[in-house]
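Enquirer: need coordinates for the below:
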Amino acid sequence: MPIVTASGFARPTFDELLAARRAGYQGKFGDSPADGVNARLAELDAEMLHALYAYIEYEAQQFMPMHATGTRLLEWGTFLIGAPKAATAAAGTTRFPGTDGTEVPALLRLTRDDGAEFEVVTGGIVAAGAVDVPVRALTAGAAGNTVAAAVLTPVNPVLGLAGTGSVLAPGLTGGADAETEDAYRARYLVRLREPPAGGNDTDHVSWMLEVAGVTRGWVRRGAAGTGEIVLLFMEDDTYANGIPVGDGAPNYSGDLKRVYDYVETKAPSPGVRYVKAPIAKVVDVTINGLSPDTPEVRAAIEAELDDLFRRRARPGGVMRYSWFGEAVSVATGEDGFDAITSPALSVICEEDEIAIRGEVTYEP
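Expert: Okay, the predicted model is just below:
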C-alpha cells in the first residue's frame, strides 16, 4: 500500500520500490544471486528513490500553509503577518530604601531569590528615604516575570542604599517566551481564513495576539449604539492561571497597558476601547474510582484537563459537564472511573468571568 501523507501526496513504500527494482533487473539481466551485483544495485536504486520520494513528500507538505514547518513556515508567516513574536524581557519598578542623596547607578545588577538576574534601567537618587527605579530582566522570557513585593538584591552593595529592594505593583511584567511554531501557524491561518475587515472583532483578536505573551483573546461589544469595545485576553504560557497582570482603564499598567497601547496603534479611530483581564472562576475537579490510580495516569488526566480549559473556556461561557468526563477518558493510561462529583453540573461563567482549572482531587 502506498504511503499517503497529510498533503495528499502518495508514494510507494521502500519494500514496494525494492520489489519493483529487483523485478526490473531480473527482466533485463535474468536471474542473479541474492548477494550478486544486480541485487545490490536494486537495493541502491530503491534507497535513492525512497529518499527522492521523501523529499518530494516534504516539499508537497511545505506548499500547504497548514502543514509547513521550519523555514517554509517562517516564509508563509512573514508574508502574511510578519515575523513570529520574539521573547520579551519583564520590566517594572523596584523601590530601594536608603540615605537621602545616595545615587543608584544605571545598569546596577540585581538578583532574585532563585538567582534570576535583573538590572536597573535608569539610575536615580534617594529622596525622602527611598528611590523608585525602573528594572528589567536580563534574560528575555516568561521566567523574568516577578510578583509585586518580591525582593531584589544588588549584586554589588551600594553605600547608603538598603541591601534589598521591593518590586512595586503590578510587578515585573511583560516577559514572554518566543512564539512556538504551532502558535505562529495558528495566527497566520486565521489571517488567511479571515482577512482584515476594517476593525471587526476578528481584527481586534488578531491585534491582541500579536502582542508577546498573549495566547487567547476575545471581544465583547458594549450596549447597542455606544460603540464601546471591551477586549479580554489571556497569557497561558506566562502565568500559572493565565490571567494577565496590571490595572485597567483609565490608568493602564502591566500587561493590560502593553495590549492597550499596541491595539491603539492598529485599530481605526474613532473608537472607544477598553482592555480588561478576565475574572478567574476557579473550578475544582473531583474524580471518583479512577482505575488505574497511578501518578502517571493522574498527570495525564491533569494535562488533558489543562488542554480542555485552554480550548473551551471563554469569558462569559459555559463549561459543559460532559466535557470533563471526556477529558478524563482520553487521558493516556486511564481505563475507567466511576464519576466526576465536582463540578456536579455545567459551569456557567458571568460576564468577563473565565473558568480556570483548580485542584484535582481523586477519591476511591
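
Enquirer: ends of stretch 148-160, how far apart?
Expert: End-to-end distance for stretch 148-160: 24 Å, by C-alpha to C-alpha, to the nearest Å.

Enquirer: can you list contacts of it?
Expert: For stretch 148-160, the external contacting residues (C-beta atoms under 8 Å, 6 or more residues apart in numbering) are 94, 98-99, 101-105, 108-113, 117-118, 126, 135, 146, 161, 163-172. The C-beta positions use only the backbone N, C-alpha and C, and glycine is treated the same way.

Enquirer: specify the local secondary structure of the residue positioned nearest the centre of the chain.
Expert: Compute the mean C-alpha point of the chain, and by C-alpha atoms, centre = their mean the closest residue is D237, 4.6 Å away. When classified by DSSP: H, G, I helix; E, B strand; the rest coil, D237 comes out as coil.

Enquirer: any chance you could map the strands in the stretch 151-300 of the chain?
Expert: In the stretch 151-300 of the chain, the strands defined using DSSP state E, counting those that start in this stretch lie at 151-154, 165-167, 216-221, 228-234, 272-276, 279-288.

Enquirer: E353 is nearest to which of these?
Expert: strand 279-288 (4.7 Å; C-beta to C-beta).

Enquirer: contacting residues around the closest one?
Expert: Here strand 279-288 makes contact (C-beta under 8 Å, 6+ apart) with 241, 243, 301, 305, 309, 319, 324, 328, 337-343, 347, 349-350, 352-364.

Enquirer: restricted to strands, list the residues you listed.
Expert: Taking DSSP state E, the ones among the contacts of strand 279-288 that sit in strands are 319, 339-342, 347, 353-363.

Enquirer: which of those residues count as buried?
Expert: Neighbour counting with 16 or more other C-beta atoms under 10 Å marks 319, 340, 342, 347, 353-358, 360 as buried within the ones in strands among the contacts of strand 279-288.

Enquirer: L74: which of these is nearest?
Expert: Closest approach to L74 among these (C-beta to C-beta): I354, at 32.1 Å.

Enquirer: for that closest one, which non-adjacent residue is closest in space?
Expert: Nearest residue to I354 in three dimensions, chain neighbours excluded: P278, at 4.0 Å (C-beta to C-beta, 6 or more residues apart in numbering).

Enquirer: and what of A142?
Expert: Once flanking residues are discounted, A142 sits nearest to T238: 4.4 Å by C-beta to C-beta, 6+ apart.

Enquirer: one more: T215?
Expert: Per C-beta to C-beta, 6+ apart, closest to T215 is D236, 4.3 Å.

Enquirer: so that neighbour is in contact with I243, correct?
Expert: No: with contact defined as C-beta atoms under 8 Å, D236 and I243 do not form a contacting pair (9.6 Å).

Enquirer: where do the helices sit along the stretch 101-250 of the chain?
Expert: Under the criterion DSSP state H, counting those that start in this stretch, helices of the stretch 101-250 of the chain are mapped to 181-193, 201-209.

Enquirer: dump these to TSV, plus mean pLDDT.
Expert: TSV is the format used below for the helices of the stretch 101-250 of the chain (pLDDT from 0 to 100):
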stretch	mean pLDDT
helix 181-193	94
helix 201-209	95
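
Enquirer: just name the most buried of those.
Expert: Of those, the one with the most neighbours on average (mean count of other C-beta atoms under 10 Å) is helix 201-209, at a mean of 20.

Enquirer: how about G24: what's its closest non-neighbour residue?
Expert: G24 sits nearest to A42 (C-beta to C-beta, 6+ apart), 7.4 Å away.

Enquirer: just the pLDDT at the one you found, thanks.
Expert: Looking at A42, its pLDDT is 86.

Enquirer: contacting residues around it?
Expert: If you count contacts by C-beta under 8 Å, 6+ apart, A42 has them with 18, 21-22, 24-25.

Enquirer: which of the three states applies to it?
Expert: A42 ends up helix, using three-state DSSP.

Enquirer: state the distance from it to A19.
Expert: As defined by C-beta to C-beta, to the nearest Å, A42 lies at a distance of 9 Å from A19.

Enquirer: one more: G289?
Expert: 53 Å.

Enquirer: got phi/psi on the nearest residue to V135 once chain neighbours are set aside?
Expert: Sequence neighbours aside, T94 is the residue nearest to V135 in space, at 4.6 Å (criterion: C-beta to C-beta, 6+ apart). Dihedral pair for T94: phi -130, psi 140, per degrees, to the nearest 10.

Enquirer: isn't T94 up against L168?
Expert: Yes: counting by C-beta under 8 Å, T94 touches L168, with 6.6 Å between them.
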